[in-house]
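Colleague: With the input below, show me the fold.
(4 chains)
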Protein chains: 2
Amino acid sequence: MDTTVAKGMLVLEMLAHARRPMRLSAISDAAGLHKSNVHRLLGTLVELGYVERDPETSRYCASLRTWELGVSIISAHPLRRAISPHLQKLHALTGDTAILVTPVGDEVLFLDRVAAARLLRYTPMNGTRAPMVMTASGRAFLSVMADPRPIVERGLSAAPSAQFSVEELMADIAITRDRGYALSGGLTPGALSIAAVLHGQGGRPVAAIAVSGPRRVMQGEHLDAAIEQLLDTCAEIGELDGV
Amino acid sequence: MDTTVAKGMLVLEMLAHARRPMRLSAISDAAGLHKSNVHRLLGTLVELGYVERDPETSRYCASLRTWELGVSIISAHPLRRAISPHLQKLHALTGDTAILVTPVGDEVLFLDRVAAARLLRYTPMNGTRAPMVMTASGRAFLSVMADPRPIVERGLSAAPSAQFSVEELMADIAITRDRGYALSGGLTPGALSIAAVLHGQGGRPVAAIAVSGPRRVMQGEHLDAAIEQLLDTCAEIGELDGV
DNA sequence: TGCCCTTCGCCACAGTCGTATCCATCGCTC
DNA sequence: GAGCGATGGATACGACTGTGGCGAAGGGCA
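Modeller: Have a look, this model is predicted:
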């Protein structure tokens, strides 16, 4: 374990998550490292172009270099490359927002989104996460797991304001499993999402696609049609190999 | 200079720019580092969650963690936060693609974009760069520089297939300066863009916004209206402070 | 003026680097 | 198909360099 690399990444992470430029001492305090140590790390990161230093206030902030690196990674990501065209099509067919997520621990990570501008406020931003228990796509993952209960319990104890109990959610997951797709309110009030799981080689769930829209739109015939198109898309994609 | 941090970032960069998972020896060869050294760096990066190792092929690839970090940075970026709403409005008014870029060396970096789905193919992806000489927004930056000629010369010598000479481009830049906005074909054949510069405190050019669309649409009254809306938006934004 | 923060230099030593070795896998020849 | 060699990855350990912590000087704000 290269401790110096770990410290450098820690400093970069702190700056990335800071809402505003940070002072040296604030970083060293929060990281639990000595000031001179952080000073040297910052000097290195500045030289490499990952951090910028305001010469007047001598505060530090993360540059956009890390973002560029991340964009380069996501652009080449096989899951996103394979599914994005299908999201486009799904959006074109339904008129709603089409979303691609992947499971990470107890959470889902939003990989891609195709949305009409007016609907942007209904969907979270790419590159952010949400607890599985709170999203339709997350519940789709839970429904294909052998034992989703631990995740459900952890998720709900972490969200004391949840409007449902463990047992209610477990019942919903059972219904979802039988039905083949998840249907739930999602994070945003007034929104409704449907979601289904995509399987990789060996049947392992590797992603989910969801269709999301305002509750007043996602009902009746429109909802039925969206569900059909979602499931058709999943069938069309089939089993993802090499993922 | 923490050399270990630099080496770690170098390895991460190589994996980020690789199109496919890399073998240990390929990384060490390309980086000019010893295999055991790279092996340890990779172990550290795996432990930190920035790199993933395929246990079967023992090939390494960058995880999405770096992307998440980058998204966190760009989300908090003051320039993007300040201008994005204006891009939305500009797109709503014109129906064309609205773009935000910032200058980085001889290039422009695409920060944000609001586009109709049908127009996505006309515009480069967020987080990528393009030479200033090749884009309308880049020429807008060149037109407000004291001495754009060196950038023009470097840019054209790097692009031997350019369809114009240094003198032609310098003349276009002079026109752009007088006119107050840039107008050019952009990177994509069949597309036409208009662009204008945004100034930070002290009048320093810190960003540019552009409107881009298919050439057959961007003409006549529609083009005139788009130019007016672009310049109105710039005036409305005024001088960006704290950037 | 006083205080706090940043910056810089220095030395000891912990951590990193490189050599060497072993192991697994793959390809080739017979 | 068996045996052999080549290639690539993992591991161990000694040498040494780069790193970390201390202390002090420099700079800026109240």
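Colleague: Now for residue A:35: which residues touch it?
Modeller: Counting by CB atoms under 8 Å, 6 or more residues apart in numbering or on different chains, residue A:35 touches A:24-25, A:28. From N, CA and C alone the C-beta is placed, and that goes for glycine too.
Colleague: Ignore what I typed, I meant residue A:139.
Modeller: For residue A:139, the contacting residues are A:132-133, A:169, A:172-173, A:176, A:182, A:184, A:195, by CB under 8 Å, 6+ apart.
Colleague: at 10 Å instead, please
Modeller: Shown in contact with residue A:139 (CB atoms under 10 Å, 6 or more residues apart in numbering or on different chains): A:108, A:132-133, A:148, A:152, A:169, A:172-173, A:175-177, A:181-184, A:186, A:193, A:195, A:208.
Colleague: now do residue A:79
Modeller: Per CB under 10 Å, 6+ apart, neighbours of residue A:79: A:100-102, A:111-112, A:198, A:200, A:206-207, A:240, A:242-243, B:64.
Colleague: Report the separation between it and residue B:132.
Modeller: As defined by CB to CB, to the nearest Å, residue A:79 lies at a distance of 34 Å from residue B:132.
Colleague: And residue A:138, by the same measure?
Modeller: From residue A:138 to residue B:132 the distance is 44 Å (CB to CB).
Colleague: thinking again about what came up before, now restrict the contacts of residue A:139 to buried residues only.
Modeller: The neighbour-count test (16 or more other CB atoms under 10 Å in any protein chain shown) applied to the contacts of residue A:139 identifies A:108, A:132-133, A:148, A:152, A:169, A:172-173, A:176-177, A:181-184, A:186, A:193, A:195, A:208 as buried.
Colleague: Surely residue A:90 and residue A:232 touch.
Modeller: Yes: assessed by CB atoms under 10 Å, residue A:90 is found in contact with residue A:232 at 9.1 Å.
Colleague: neighbour-wise, which of these two wins?
Modeller: residue A:90 (24 against 13; other CB atoms under 10 Å in any protein chain shown).
Colleague: What helix or strand is the more buried one located in?
Modeller: helix A:78-94 (DSSP states H and E).
Colleague: In the very next helix or strand once past that helix, which residues are buried?
Modeller: Counting by DSSP H and E, the next helix or strand C-terminal to helix A:78-94 is strand A:97-104. Burial within strand A:97-104, assessed by neighbour count using 16+ other CB under 10 Å, is assigned to A:97-103.
Colleague: Could I get the average pLDDT for strand A:97-104?
Modeller: Across strand A:97-104, pLDDT averages out at 95.
Colleague: List the neighbouring strands of it plus their orientation.
Modeller: Next to strand A:97-104 in the sheet, as set by DSSP bridges, lie strand A:107-114 (antiparallel), strand A:205-214 (antiparallel).
Colleague: Which parts of chain A are helices?
Modeller: Per DSSP state H, chain A carries helices over the ranges A:3-17, A:24-31, A:35-48, A:65-75, A:78-94, A:136-143, A:149-157, A:166-179, A:220-237.
Colleague: Need the winner for burial among those.
Modeller: helix A:136-143 (a mean of 28; mean count of other CB atoms under 10 Å in any protein chain shown).
Colleague: In CSV, list the C-alpha atoms belonging to that helix.
Modeller: Extracted as CSV, the C-alpha positions of helix A:136-143 are listed here (Å, rounded to 0.1, in the frame of the first residue of the first chain):
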residue,chain,number,x,y,z
ALA,A,136,-37.4,2.2,-8.8
SER,A,137,-34.2,1.0,-10.4
GLY,A,138,-32.8,0.1,-7.0
ARG,A,139,-35.9,-1.9,-6.1
ALA,A,140,-35.5,-3.7,-9.4
PHE,A,141,-32.0,-4.8,-8.3
LEU,A,142,-33.3,-5.8,-4.9
SER,A,143,-36.0,-7.9,-6.5
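Colleague: mind checking how far it is from the chain centre?
Modeller: Between the centre of helix A:136-143 and the centre of its chain there are 13 Å (CA atoms, centre = their mean, to the nearest Å).
Colleague: Quick one: residues contacting the residue positioned nearest the centre of chain A.
Modeller: In chain A, the residue lying closest to the centroid (CA atoms, centre = their mean) is residue A:109, at 2.0 Å. Listed by CB under 10 Å, 6+ apart, the contact partners of residue A:109 are A:100-103, A:126-130, A:207, B:64-65, B:67-68.
Colleague: Out of those residues, which are close to DNA strand C?
Modeller: On the criterion CB under 7 Å from any atom of the strand, none of the entries of these sits beside DNA strand C.
Colleague: could I get these as CSV with distance to residue B:218?
Modeller: Converted to CSV, the contacts of residue A:109 look like this (distance: CB to CB, whole Å):
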residue, distance to residue B:218
A:100, 32
A:101, 36
A:102, 38
A:103, 43
A:126, 29
A:127, 32
A:128, 34
A:129, 39
A:130, 39
A:207, 38
B:64, 37
B:65, 40
B:67, 33
B:68, 36
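Colleague: Tell me how chain A divides into domains.
Modeller: A:3-68, A:77-237 (automatic domain parsing).
Colleague: Report the contact partners of residue A:38.
Modeller: By CB under 10 Å, 6+ apart, the neighbours of residue A:38 are A:7, A:10-11, A:14, A:24-31, A:60.
Colleague: Need the pLDDT of whichever residue of chain A sits closest to DNA strand D.
Modeller: Chain A approaches DNA strand D most closely through residue A:36 (3.2 Å), counting by CB to the nearest atom of the strand. On pLDDT, residue A:36 comes in at 89.
Colleague: Would you mind measuring from it to DNA strand C?
Modeller: Taking CB to the nearest atom of the strand, to the nearest Å as the measure, residue A:36 falls 4 Å from DNA strand C.
Colleague: separation between that residue and chain B?
Modeller: As for residue A:36, its distance to chain B is 12 Å (criterion: CB to the nearest CB, to the nearest Å).
Colleague: Looking at the contacts of residue A:35, which is nearest residue B:142?
Modeller: residue A:24 (36.7 Å; CB to CB).
Colleague: so what's residue A:2 closest to, chain neighbours aside?
Modeller: residue B:44 (4.2 Å; CB to CB, 6 or more residues apart in numbering or on different chains).
Colleague: The one you found against residue B:9, yeah?
Modeller: No: the criterion here is CB under 10 Å, and residue B:44 misses it with residue B:9 at 11.8 Å.
Colleague: residues shared between the contacts of these two?
Modeller: With CB under 10 Å, 6+ apart as the test, residue B:44 and residue B:9 both reach A:5, A:9.
Colleague: returning to that earlier point: and the contacts of residue A:79, which are buried?
Modeller: Applying 16+ other CB under 10 Å to these flags A:100-102, A:111-112, A:198, A:206-207, A:240, A:243, B:64 as buried.
Colleague: wait, what's in contact with residue A:54?
Modeller: A:21, A:60-61.
Colleague: Report the contact partners of residue A:77.
Modeller: The contact partners of residue A:77, taken as CB under 10 Å, 6+ apart, are A:83-84, A:102, A:111-112, A:243, B:61-64, B:67.
Colleague: possible to save the residues you listed as JSON lines with distance to residue B:52?
Modeller: Shown next, in JSON lines, are the contacts of residue A:77 (distance: CB to CB, whole Å):
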{"residue": "A:83", "distance to residue B:52": "19"}
{"residue": "A:84", "distance to residue B:52": "21"}
{"residue": "A:102", "distance to residue B:52": "12"}
{"residue": "A:111", "distance to residue B:52": "15"}
{"residue": "A:112", "distance to residue B:52": "19"}
{"residue": "A:243", "distance to residue B:52": "12"}
{"residue": "B:61", "distance to residue B:52": "6"}
{"residue": "B:62", "distance to residue B:52": "8"}
{"residue": "B:63", "distance to residue B:52": "5"}
{"residue": "B:64", "distance to residue B:52": "9"}
{"residue": "B:67", "distance to residue B:52": "13"}
